[in-house]
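In: Quick one, structure for this:
(chains A and B)
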Amino acid sequence: MIAYDRHANFVFGSVARFLGDREVAAEVVQDAFVTLWRRARQFDARSGSLLTWLLAIARHRAIDRLRSDGRRPTRDAIRLEALTSDGGSSGTAAGAEIPRELIADGSTDPTSVATRRWTQSIVRTGIAELPDNERQVILLGYAEDLSQAEIAERLEWPLGTVKSRTRRAMAQLRAHLGPVTDLTEPATAPTPRSAPSRTPNR
Amino acid sequence: MSAMDHGSAHERIEELILDPARLAGLEASQAPEDVALREHLAGCLACRADLDGWARLQAALSEALPGSAAEAVDVQPIELPPSLRTRVLAAVRSASAEASLAPIPMASGGRRWAGFTAPRTAWLGLAASLVVLVVGAGVLVDQAAKLGTTQEEAQGLTAAMAAVDRVLSAPDHRLVTLTTATGSAGGSISWTRHDLVVLSTALAAPKPGEVYRCWLDSDGKGWAVGKMYFAGSTAYWVGSLDEWASFEIGPTTEFRVSLEPPGADPATRSGPVVLEAALGAS
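Out: Have a look, this model is predicted:
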């Protein structure tokens, strides 16, 4: 069960975020590991990591599950607070609004929406797996668009501490997410939600 | 201004990854250090690729996170259901049992053990665990490809996995439980007329120089047939009966594993027997 012990947290976190339902996510993850067992001979470590393979299996199973339930991830916006350990086992929020990041570019194609949603789920899971203090700096830097100096002020940490924690967090995220998302594909430079008007903080 | 050298460029990139806005503005920036970095990037594919990787990560983070930290509760860790591990293991065992019961066309030929119907639950569970272990070992190899010993271990496990598949696929395979020196169950040995697979989780890793050696004994004679390999807490050995065309597993054949001391003659058993099974009794 090395594969399970090593990867179940990440796979479950990604699927739970994608589906918004812990119980269904558990079924999908179970199915993914059984599929892994059945196809073990097809695994080739040279073509990608086991986690990449597991996530690909889980993604297919999760989308199949959405189809069989007649749901689309855009219509079942996920009440992710319900997915935490304190939030109970059911997280689907009927009638919740479509996440704005999914409709910002007008994309309503189910496949592309599901793909984006899946990638977001994986990235969010990667962030969730960071140590608390590293997760904090990433959230403030990317969710609130704070500069390193502003983060230092907000958290009352030395600027050097904020920078070192950000570097560690970014390095871990890149190592963890690079092989399992489309981060290896060419992309344009990031566009922050706020204009880059702040004063450099170094 | 002269272009940056490689080290300075990476230092600059490390600064830029701290601030999405500054990285996004790199191409338009007229700051001397940004101009110098662009000149370096124009001729250095490695640094360009490194910077692009960071840019993609920043883009993914910006897209994945909600608009304010207050809404970011979804990036808190999600607790794995405690029962899921047991459920997965049970499901894998069930799948392995189904696989073993699938009809496989076999070449004609007499089998001395055609009537074998022994329970196989424990063995299948061990085999299923091994399979998951094999895949996990593949990851270890992937992550530490330069560690020759790890790679060798994974290759051995892969071979064991293939043998497990072959044995499970044969409807007339045979298996018996291995017992330890204290008489408790210590693993299983299973075979067809082609393959022989031994799995055990009852053996402690040998000390340096020691080796767990496998023996087939029959009619007062013994043959050293191999040694146990380890992957984590699982010890295994896979043999090919095809290689021993003159050897027959008969009613008096016994399989044993002994713990041989450093320097022991590999052809003569001198250490204590730690696992054994009567193959003819199955």
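
In: can I assume B:Phe13 is in contact with B:Leu37?
Out: Not quite, residue B:13 is Ile, not Phe. Yes - B:Ile13 lies in contact with B:Leu37 (Cβ atoms under 8 Å); the separation is 7.5 Å. Just so you know, the C-beta spots here come from the backbone N, C-alpha and C atoms, and that holds for glycine as well.

In: Settle it for me: which of these two has more neighbours?
Out: Taking other Cβ atoms under 10 Å in any protein chain shown, B:Ile13 and B:Leu37 do not tie; B:Leu37 has more neighbours (26 against 21).

In: low-confidence ranges in the stretch 101-250 of chain B?
Out: B:101-166, B:168-169, B:240-248 (pLDDT under 70).

In: does any bit of the helix or strand harbouring A:Arg117 sit next to chain B?
Out: Assigned by DSSP states H and E, A:Arg117 belongs to helix A:110-128. Yes - using Cβ under 8 Å from any Cβ of the partner chain, we find that helix A:110-128 touches chain B at A:Arg116, A:Thr119, A:Gln120, A:Val123, A:Arg124, A:Thr125, A:Ile127, A:Ala128.

In: could you give the mean pLDDT of that helix?
Out: For helix A:110-128, mean pLDDT is 86.

In: other SSEs contacting the following helix or strand past it?
Out: Past helix A:110-128, further along toward the C-terminus, the next helix or strand under DSSP H and E is helix A:132-142. Contact partners of helix A:132-142 among helices and strands, from 3 or more Cβ pairs under 8 Å, 6 or more residues apart in numbering or on different chains; DSSP states H and E: helix A:110-128, helix A:148-155, helix A:159-177, helix B:45-64.

In: hmm, try it at 7 Å
Out: Where contact means 3 or more Cβ pairs under 7 Å, 6 or more residues apart in numbering or on different chains; DSSP states H and E, helix A:132-142 is packed against helix A:148-155, helix A:159-177, helix B:45-64.

In: could you turn the helix holding A:Arg117 into CSV, dropping everything but the C-alphas?
Out: Taking C-alpha atoms only, helix A:110-128 is exported to CSV below (Å, rounded to 0.1, in the frame of the first residue of the first chain):
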residue,chain,number,x,y,z
PRO,A,110,-18.3,21.5,-20.6
THR,A,111,-15.0,19.9,-21.5
SER,A,112,-12.9,23.0,-21.1
VAL,A,113,-14.8,23.9,-18.0
ALA,A,114,-14.1,20.5,-16.5
THR,A,115,-10.5,20.7,-17.5
ARG,A,116,-10.0,24.1,-15.9
ARG,A,117,-11.9,23.0,-12.8
TRP,A,118,-9.7,19.9,-12.5
THR,A,119,-6.5,21.9,-12.8
GLN,A,120,-7.7,24.3,-10.2
SER,A,121,-8.6,21.5,-7.9
ILE,A,122,-5.1,20.0,-8.3
VAL,A,123,-3.4,23.4,-7.7
ARG,A,124,-5.6,24.1,-4.7
THR,A,125,-4.7,20.7,-3.3
GLY,A,126,-1.0,21.4,-3.8
ILE,A,127,-1.5,24.7,-1.9
ALA,A,128,-3.4,22.9,0.9
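
In: Give me the angle between that helix and helix A:159-177.
Out: Relative orientation of helix A:110-128 versus helix A:159-177 (axes from the mean of the first three to the mean of the last three Cα atoms, to 10 degrees): 130 degrees.

In: Buried residues of helix A:110-128, list them for me.
Out: A:113-114, A:116-128 (16 or more other Cβ atoms under 10 Å in any protein chain shown).

In: Residue ranges of each domain in the chain, please.
Out: Unless you meant another one, I'm taking chain A. By the assignment in automatic domain parsing, chain A contains the domains A:1-111, A:130-181.

In: My question was about chain B, not that one.
Out: B:6-75, B:84-98+B:118-281.

In: worst average pLDDT in the domains of chain A?
Out: domain A:1-111 (a mean of 68).

In: Stretch B:203-223: end-to-end distance?
Out: 21 Å (Cα to Cα, to the nearest Å).

In: follow-up on the earlier one: specify the stretch among the helices and strands packed on helix A:132-142 that is closest to A:Asp21.
Out: helix B:45-64 (19.6 Å; Cβ to Cβ).

In: out of the helices and strands packed on helix A:132-142, which comes closest to B:Ala204?
Out: helix A:159-177 (34.4 Å).

In: same for the closest one, what does it pack against?
Out: helix A:110-128, helix A:132-142, helix A:148-155, helix B:45-64.

In: for that helix, which positions count as buried?
Out: Neighbour-count burial for helix A:159-177 [16+ other Cβ under 10 Å]: A:Val162, A:Lys163, A:Arg165, A:Thr166, A:Arg167, A:Ala169, A:Met170, A:Gln172, A:Leu173, A:Arg174, A:His176, A:Leu177.

In: wait, which of these is closest to B:Leu23?
Out: A:Met170 (11.1 Å).

In: A:Ala58: which of the helices and strands packed on helix A:132-142 is closest?
Out: helix A:159-177 (15.4 Å).

In: Can you report how many residues neighbour B:Thr268?
Out: Using other Cβ under 10 Å: B:Thr268 sits among 10 other residues.

In: Touching, B:Thr179 and B:Glu276? I think so.
Out: Yes - counting by Cβ atoms under 7 Å, B:Thr179 does reach B:Glu276; the two are 6.2 Å apart.

In: Which other helices and strands does the helix holding A:Arg117 contact?
Out: helix A:2-19, helix A:50-68, helix A:100-103, helix A:159-177, helix B:45-64.

In: quick one, phi/psi of B:Val225?
Out: Main-chain torsions, B:Val225, degrees, to the nearest 10: phi -110, psi -10.

In: Ok, the one 3 residues further on next?
Out: The phi and psi values for B:Met228, taken as degrees, to the nearest 10, are phi -80, psi 140.

In: Also the one 10 residues further on?
Out: Main-chain torsions, B:Val238, degrees, to the nearest 10: phi -120, psi 130.

In: Same question for stretch A:54-62: list its buried residues.
Out: Buried residues in stretch A:54-62 (16+ other Cβ under 10 Å): A:Leu54, A:Leu55, A:Ile57, A:Ala58, A:Arg59, A:Arg61, A:Ala62.

In: Of these, just say which sits nearest to chain B.
Out: Using Cβ to the nearest Cβ, A:Leu54 comes nearest to chain B of the buried residues of stretch A:54-62, at 9.1 Å.

In: isn't the closest one right up against A:Leu36?
Out: Yes - between A:Leu54 and A:Leu36 there is a contact under Cβ under 7 Å: 6.2 Å.

In: Quick one: mean pLDDT for stretch B:271-280?
Out: Per-residue scores along stretch B:271-280 average to 90.

In: Ok, stretch B:35-53 next?
Out: 87.

In: So B:Glu276 sits against B:Glu254, correct?
Out: Yes - B:Glu276 is within contact range of B:Glu254, at 6.3 Å (criterion: Cβ under 7 Å).
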